[in-house]
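Peer 1: need a structure here:
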Amino acid sequence: MKKNFVLDTNVLLHDPRSIFGFEENDVVVPIYVIEEIDNFKRDLSTLGRNARQVSRYLDEFRMQGKLGDGVPIAPDKGMIRVLLADKKLPHGAGEGRTTDDKILAVALDLLEKDKGRPTVFVTKDTNLRIRADALGLHAEDYDVEGLAALDDLWSGISEIDVGPEEVNDFYASGALAWAGEAHGEAPPPNAFVVLRDRTNPQHSAVGKYSAAKQAFVQLIKSPKEGVWGIRPRNKEQSFALDLLLNDEVRLVTMVGKAGTGKTLLALAAGLQRTMEDGVYQKLLVSRPIFPLGRDIGYLPGSVEEKLNPWMQPIFDNVEYLMNLSRSEKKAGRGYHELLDLGILEIEPLTYIRGRSIPNQYIIVDEAQNLTPHEVKTIITRVGDGTKIVLTGDPYQIDNPYVDQTNNGLVHVVNRFRQERIAAHVTLSKGERSELAEIAANLL
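Peer 2: Okay, the predicted model is just below:
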């Protein structure tokens, strides 16, 4: 049975193409939503861009017919209508003064008038969904891709049961051909695997799946002296360094809680491949500008001076990798040496649109604060010979317009899972300090 989907403002601002995402069902846009969208049209952020796109879509539909009566969205889609309410909310449910009240009233009015069809109210506002449910409306969150819960996010690691002789062959030859049904479904390209002896679980081997060779292969061995002095402390960190040092993998996503070493490992590998190995011309580091807690206001100075407080976590990690003594620090040595040499560059994401960035090692830290559109803008800047690394913790989001499942980092993990040019790993064990690990788990 066809349904009526009533869209809230935040749905259209989050995804302008949501209008086209309800198959053969009808889409209803309350006229009050258009009033709210009009308030965002001059905004220079992603919200402003989306608001202008929604207006263009609706204007195109208007030219095809009367939106009040309904206009076909596409040959295989339903109708789109713009409606206003003839009724008010029940006493005590709202005085009808706020836009949310008026939008709810449109959905309730449609529910009563079109009793032959189910009416679904779609909003990303949790409290508005609760209010709608209390008024007898079926309310849903907007989920463009049917994303699973964050706990079900692909970790980048698979376990495969094999025979004891296969584990021995893997150690002896460094590879093991994927045997189809005997090994089950093939893992995604570049997925890490634990080959576990089905007769003795303690007998196992660790490798990764090569889609090109259709075989399980061994990891890249880290230098004996470490990567800029950094050696992996656990299995997941070994996986991460393998991806970070592998030039065939051009897009790396790393997810992990605080203290798991995401940023430090990425910087160490970037400096190794840039400064020591000479594979890339420079290391470019950026992160979204979102304050934790109450903002202190505008910062004075040049672009570099304004960025310094935001980039201080990056600088701290770089100076840790430089292993400077106290006397060297007193003498003025620090991260600025790499900046002056042109090896390290700090780039605000605000100015990245329109650029083409070839032959560089790019690290985007705190990528969980990016929207899917922003992360698309960043990745499409990558030129020939460039590798990009996205790191972040989806449980620590400061951007009010994204959540744990629709942020740019998780979006990339889900969309690039089957691509040979990309790979992902989840870091689970904190290595910053015993206190930091306990705090991450308990608080």
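Peer 1: and the helices in this structure, which stretches?
Peer 2: 9-14, 31-38, 46-62, 99-113, 126-134, 164-173, 235-245, 262-271, 303-322, 326-330, 336-341, 372-379, 408-415, 434-442 (DSSP state H).
Peer 1: among those helices, which is nearest Leu153?
Peer 2: helix 408-415 (6.3 Å; C-beta to C-beta). C-beta here means a position set from N, CA and C on the backbone, and glycine is covered the same way.
Peer 1: any idea of the mean pLDDT for the closest one?
Peer 2: Helix 408-415 comes out with an average pLDDT of 91.
Peer 1: and it, what does it pack against?
Peer 2: strand 251-256, helix 372-379, strand 387-392 (3 or more C-beta pairs under 8 Å, 6 or more residues apart in numbering; DSSP states H and E).
Peer 1: check contacts around the most centrally placed residue in the chain.
Peer 2: Nearest residue to the geometric centre of the chain (C-alpha atoms, centre = their mean): Leu409, 1.4 Å. By C-beta atoms under 8 Å, 6 or more residues apart in numbering, the residues touching Leu409 are Thr253, Val255, Ala367, Gln368, Leu370, Val375, Leu390, Gly392, Pro394.
Peer 1: show the contacting residues for the fifth one.
Peer 2: Taking C-beta under 8 Å, 6+ apart as the criterion, Leu370 is in contact with Pro288, Leu349, Val364, Ile378, Asn399, Val402, Asn407, Gly408, Leu409.
Peer 1: one more: the fourth one?
Peer 2: With C-beta under 8 Å, 6+ apart as the criterion, the residues that contact Gln368 are Gly392, Asp393, Pro394, Gln396, Ile397, Val402, Asn407, Gly408, Leu409, Val410.
Peer 1: residues near the third one, how many?
Peer 2: Burial of Pro394, expressed as a neighbour count using other C-beta atoms under 10 Å, amounts to 22.
Peer 1: and the gap between it and Ser327?
Peer 2: Note on Pro394: its distance to Ser327, by C-beta to C-beta, to the nearest Å, is 41 Å.
Peer 1: also the fourth one?
Peer 2: In this structure, Gln396 and Ser327 are 36 Å apart, going by C-beta to C-beta.
Peer 1: who has more neighbours, these two?
Peer 2: Gln396 (14 against 8).
Peer 1: mind putting the contacts of Leu409 into TSV with pLDDT?
Peer 2: Below are the contacts of Leu409 laid out as TSV (pLDDT from 0 to 100):
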residue	pLDDT
Thr253	96
Val255	94
Ala367	91
Gln368	90
Leu370	88
Val375	90
Leu390	96
Gly392	92
Pro394	88
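Peer 1: considering these, which is situated nearest to Ser45?
Peer 2: So of the contacts of Leu409, ranked by how close each gets to Ser45 (C-beta to C-beta), first place is Leu370, at 12.5 Å.
Peer 1: run through the stretch 51-200 of the chain and note the low-pLDDT ranges.
Peer 2: Where the stretch 51-200 of the chain drops to pLDDT under 70, the residues are 91-96, 144-151.
Peer 1: in a markdown table, list the contacts of Gln368 along with distance to Gln218.
Peer 2: A markdown table is the format used below for the contacts of Gln368 (distance: C-beta to C-beta, whole Å):
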| residue | distance to Gln218 |
| --- | --- |
| Gly392 | 28 |
| Asp393 | 29 |
| Pro394 | 30 |
| Gln396 | 34 |
| Ile397 | 36 |
| Val402 | 38 |
| Asn407 | 33 |
| Gly408 | 32 |
| Leu409 | 28 |
| Val410 | 29 |
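Peer 1: just the buried ones from the residues you listed, in ChimeraX syntax?
Peer 2: Buried residues within the contacts of Gln368, by 16 or more other C-beta atoms under 10 Å, are selected in ChimeraX with:
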select :392,393,394,397,402,407,408,409,410
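Peer 1: of the contacts of Gln368, which pair is most distant in space?
Peer 2: Gln396 and Gly408 (14.2 Å).
Peer 1: so where is the stretch 251-400 of the chain shaky, pLDDT-wise?
Peer 2: For the stretch 251-400 of the chain, the ranges with pLDDT under 70 are 290-307, 351.
Peer 1: how about 80 then?
Peer 2: Applying pLDDT under 80 to the stretch 251-400 of the chain picks out residues 289-311, 324-326, 329-332, 348-354, 398-400.
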